[in-house]
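Q: here is the input, now give the coordinates:
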Amino acid sequence: MLETERLLIRRFTPDDLDKLIETRSDPEVSKYLGGKTLQNPDALKKRLDFYLDCYEKFGFGMCAMIWKPTGEMIGSSGIQPLEDTGEIEVGYSIVKEFWRQGIGSECARAWLQYGFENANIEKIVAVTYPENIGSRRIMEKCGMKYEKTETHYGFECLFYAIGATDFFRLNK
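A: Below is the predicted model:
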């Protein structure tokens, strides 16, 4: 679906469930994704079904991120509806071994561009826990601005957003 300098980003398939569970099993990775409440095998099976349904309904959704040098799945990223808000969110999750290498910004920027250019989305949002400094930095590097604090996925989150015009102005 998408390709960046270091990543191949493709749609999930039902066969990816075990690898999705594996990539989100580390407590440090899952703590900002709802912890064991949202990152357990049963919840992830439902989440994968949601991702697959998004492809059918919208033509986009959360995808598997493949590290080009090895072909291994190192996380997930994509754009998808933010619960029932009517907003489209960009999201990403990366295995700890690949943290602090710019991968979050690389995939988020690619998805923002895809959303604005290919899906004709006017504004894309992102949410994160207040203490997730790494994710906040990714959002800010992509030009997203903090708008408010509100509850999403059952947790208090910081809500960031960027419009197409600002994104293209900042990412010429």
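Q: I'd say residue 121 and residue 79 touch.
A: Yes: assessed by Cβ atoms under 8 Å, residue 121 is found in contact with residue 79 at 7.4 Å. C-beta here means a position set from N, CA and C on the backbone, and glycine is covered the same way.
Q: which one's more surrounded, these two?
A: residue 79 (25 against 20; other Cβ atoms under 10 Å).
Q: shared neighbours, residue 121 and residue 79?
A: When contacts are counted by Cβ atoms under 8 Å, 6 or more residues apart in numbering, residue 121 and residue 79 have 88, 115 as shared neighbours.
Q: where does the protein dip in pLDDT?
A: Within the chain, the stretches with pLDDT under 70 are 30-31, 33-39.
Q: need the strands for it, in chain order.
A: Using DSSP state E, the strands of the chain run over residues 2-3, 7-11, 62-67, 72-81, 88-94, 123-128, 145-152, 155-163.
Q: now render these as TSV, adding distance to residue 28.
A: Formatted as TSV, those follow (distance: least, Cβ to Cβ, whole Å):
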stretch	distance to residue 28
strand 2-3	26
strand 7-11	21
strand 62-67	17
strand 72-81	13
strand 88-94	11
strand 123-128	15
strand 145-152	21
strand 155-163	17
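Q: wait, which of these is closest to residue 51?
A: Among these, the nearest to residue 51 by Cβ to Cβ is strand 62-67 (4.5 Å).
Q: may I have stretch 79-93 exported as PDB, CA atoms only?
A: Provided in PDB are the C-alpha atoms of stretch 79-93 (Å, rounded to 0.1, in the frame of the first residue of the first chain):
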ATOM      1  CA  ILE A  79      -5.100   6.000   9.200                       C
ATOM      2  CA  GLN A  80      -8.500   4.900  10.500                       C
ATOM      3  CA  PRO A  81     -11.700   6.400  12.100                       C
ATOM      4  CA  LEU A  82     -11.200   7.600  15.600                       C
ATOM      5  CA  GLU A  83     -13.900   5.700  17.400                       C
ATOM      6  CA  ASP A  84     -17.300   7.300  16.500                       C
ATOM      7  CA  THR A  85     -16.100  10.900  16.300                       C
ATOM      8  CA  GLY A  86     -16.200  11.300  12.500                       C
ATOM      9  CA  GLU A  87     -12.500  12.200  12.700                       C
ATOM     10  CA  ILE A  88      -9.700  10.200  10.900                       C
ATOM     11  CA  GLU A  89      -6.700   9.400  13.000                       C
ATOM     12  CA  VAL A  90      -3.100   8.500  12.200                       C
ATOM     13  CA  GLY A  91      -1.600   5.900  14.400                       C
ATOM     14  CA  TYR A  92       1.600   3.900  14.800                       C
ATOM     15  CA  SER A  93       3.000   1.200  17.000                       C
END
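Q: with that, I have no additional questions.
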